[in-house]
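Student: Just a sequence and a predicted model for now, questions to come.
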Amino acid sequence: MRIARFYQKTLFGIFALMGLILVSTSVIYVHTVDRQLTDYFLNSSRAIARAIANSDSDLIVNQNYSALQSVIDQYVDIPGVSYVFVVDGEGTIIAHTFVPGVPDEITADYKDGKDVYDRSLAGLGNFSEVTAGIIAGQAGRVHVGMDKGYFALQVQTAIGRVVYLLTIIFVVSVLATYGLMYQVSRPLHLLGSYAWHSLSGEKHSPPAASRLKRLLGRIDEVGELSRLIHRATGGEA
């Protein structure tokens with residue numbers, strides 16, 4: 001299908017505008033979803049840490065570490081939670097979910113009392129580790145590590161679905177716009193053919209009678225021009 005040159009720049013502009021809308025919408029959505037999902041997972045891990053710290057403080061104070069271990073083992077079944085460990089008031093790790101043992105990167109840096117740690121553990125991946133104090137930190141702290149890879153996967157999944165939908169909308173819009181432009185271009189091509197046949201001194205095949213009738217019967221500018229040419233040529237077809 002050929003689009004009239006008169007509309008080609010307009011068509012290009014429409015495509016460029018739709019592409020700009022798609023890209024800008026995708027960028028804004030990516031930024032928003034990434035921030036919101038990251039905040040959601042961090043808040044979830046903080047809630048888990050606080051839940052352990054508030055509900056199991058008696059186990060820690062009474063040094064019932066076997067019961068504490070069974071409690072924290074349940075939390076690693078939550079999607080995104082990679083590990084949990086508990087530190088007592090003396091700064092000693094008294095329970096953890098690492099197998100076979102606590103990584104050196106953690107044993108070298110866990111006593112600072114920070115609310116959030118960014119961890120990179122060899123062979124395990126990258127993690128955001130949040131903490132919560134037990135009895136306002138006097139009896140120790142609970143550390144919960146969330147897998148950043150899991151964060152990224154959830155963000156990519158959410159983004160991918162929307163970008164996929166936007167891409168489909170863009171492709172359909174392009175095809176629909178092209179089709180509409182073609183429909184608009186058809187009477188112009190017919191008008192040009194009729195004008196060339198009527199006004200040129202050369203011999204050209206005239207448009208079919210049915211097509212010419214529809215052209216002369218149009219109520220838009222194309223119809224007005226065709227009727228003007230028709231009158232100027234003495235009504236000759």
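Tutor: Thanks, I have the structure now.
Student: drop to CA atoms for contacts and neighbour counts, all remaining ones
Tutor: Noted.
Student: distance of residue 126 from residue 151?
Tutor: Distance, residue 126 to residue 151, using CA to CA, to the nearest Å: 10 Å.
Student: Compare the two (neighbour count), which wins?
Tutor: Regarding residue 126 and residue 151, a neighbour count based on other CA atoms under 10 Å identifies residue 151 as having more, with 20 against 17.
Student: For that one, which non-adjacent residue is spatially closest?
Tutor: Nearest residue to residue 151, sequence neighbours excluded (CA to CA, 6 or more residues apart in numbering): residue 38, at 6.5 Å.
Student: I'd like to know how far that neighbour sits from residue 150.
Tutor: For residue 38, the distance to residue 150 equals 10 Å [CA to CA].
Student: for residue 173, same thing?
Tutor: Counting by CA to CA, the gap from residue 173 to residue 150 is 35 Å.
Student: What of residue 177?
Tutor: Counting by CA to CA, the gap from residue 177 to residue 150 is 40 Å.
Student: Now residue 144: which helix or strand?
Tutor: Assigned by DSSP states H and E, residue 144 falls within strand 140-147.
Student: Point out the other helices and strands that the helix or strand hosting residue 188 packs with.
Tutor: Using DSSP H and E, residue 188 sits in helix 148-199. For helix 148-199, the packing partners by 3 or more CA pairs under 8 Å, 6 or more residues apart in numbering; DSSP states H and E come out as helix 5-55, strand 125-133, helix 209-216, helix 221-232.
Student: Redo those as TSV? Include mean pLDDT.
Tutor: As requested, these are exported to TSV (pLDDT from 0 to 100):
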stretch	mean pLDDT
helix 5-55	78
strand 125-133	86
helix 209-216	68
helix 221-232	72
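Student: how close does residue 160 get to residue 166?
Tutor: Distance, residue 160 to residue 166, by CA to CA: 10 Å.
Student: higher neighbour count, these two?
Tutor: Each of residue 160 and residue 166 has its neighbours counted (other CA under 10 Å); residue 166 has more, 17 against 14.
Student: Surely the more buried one and residue 22 touch.
Tutor: Yes: counting by CA atoms under 8 Å, residue 166 does reach residue 22; the two are 6.6 Å apart.
Student: Now the residue nearest the centre of the chain: closest residue in space that isn't a chain neighbour?
Tutor: When CA atoms, centre = their mean is applied to the chain, the residue found nearest the centroid is residue 159 (2.6 Å). Closest residue to residue 159 apart from its sequence neighbours, by CA to CA, 6+ apart: residue 30 at 6.1 Å.
Student: Also residue 54?
Tutor: Among residues not flanking residue 54 along the chain, residue 134 sits closest, at 6.7 Å (CA to CA, 6+ apart).
Student: And for residue 118?
Tutor: Leaving aside its sequence neighbours, residue 118 sits nearest to residue 128 (CA to CA, 6+ apart; 4.9 Å).
Student: before we move on, the earlier item: now for the residue nearest to residue 159, how many residues are close by?
Tutor: 19.
Student: Let me know the distance separating it from residue 40.
Tutor: For residue 30 relative to residue 40 (CA to CA), the value is 15 Å.
Student: Pretty sure residue 41 sits against residue 152.
Tutor: No: between residue 41 and residue 152 there is no contact under CA under 8 Å: 10.9 Å.
Student: and those two? which has more neighbours close in?
Tutor: Higher neighbour count among residue 41 and residue 152: residue 41, with 20 against 14, using other CA under 10 Å.
Student: give me every residue that touches the more buried one.
Tutor: 80, 146, 151 (CA atoms under 8 Å, 6 or more residues apart in numbering).
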